[in-house]
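Q: Kindly generate the corresponding structure for this input.
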Amino acid sequence: HEMTQGAQLNAAAPDDGVVLGTELAHRLGVAPGQIVTVLTSTVSGAINAADLQVVGIESTGSPERDLHLLRAKLPMVQSLLATDRVSSVALLLDDEVDVQAVQRRLGAALPQLELRNWLELAPYYTQVLRLYENLFRIFGVFILVVSLLGLTTIVLTSVLERSREIGVMRALGISAWHVRRAF
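A: This is a model prediction of the structure:
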């Protein structure tokens, strides 16, 4: 994720601050410092709204996700949804090597939580990844076969065109190894 305008949503940001995706901000025609009205339904089904200040605009690299991205502080989201509960928390780590260690530490500290990593939540990703790996292998083998056939054709053509020369070389007593080496 890359901030294209404004600042990250952090402790210094106002409580009513939000970060929008680039596509959402573009379609709404807003920039950092402006106010947007967020309309949502509460957990009980009622309608709730709040005026929030745009503190930053962020790009995820995916226009589809940027169209739906709105990040706000937890107390503001709970206020909009009229609840004090949290149904899920997502942690974004800098290195995937840390995932198992963080998962173990959180599991030991908070055994009542159900912990799942991203690969467990998105099995479709691993299936698509395997599909692409297999496709690249097939294409690699296909390219290798075509290249070998092309090389074989070139060598055979060269040998057939130089058959008289080969005959003369052999008649002069040059060994078969030296003849093959010429090709």
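
Q: got the residue ranges for the helices in the chain?
A: 22-28, 63-68, 74-81, 98-109, 118-121, 123-161, 163-171, 176-182 (DSSP state H).

Q: hmm, who's touching the helix or strand of the chain with the lowest mean pLDDT?
A: Lowest by mean pLDDT, DSSP states H and E among the helices and strands of the chain is helix 118-121, with a mean of 81. By CB atoms under 8 Å, 6 or more residues apart in numbering, the residues outside helix 118-121 that reach it are Tyr125, Thr126. Bear in mind the C-beta positions are built from the backbone N, C-alpha and C, glycine included.

Q: Use 804 as the first number from now on
A: With the count now opening at 804, the last piece we talked about shows up as helix 921-924.

Q: what separates that helix from the chain centre, distance-wise?
A: Helix 921-924 sits 14 Å away from the centroid of its parent chain (CA atoms, centre = their mean, to the nearest Å).

Q: Report how many residues lie close to Leu883.
A: 18 (other CB atoms under 10 Å).

Q: can you pull the pLDDT of it?
A: pLDDT recorded at Leu883 is 94.

Q: Pull the contacting residues for it.
A: If a contact means CB under 8 Å, 6+ apart, then Leu883 has Val841, Thr843, Thr845, Asn851, Ala852, Ala853, Ala875 as its contacts.

Q: Distance of the third one relative to Arg874?
A: Distance, Thr845 to Arg874, by CB to CB, to the nearest Å: 19 Å.
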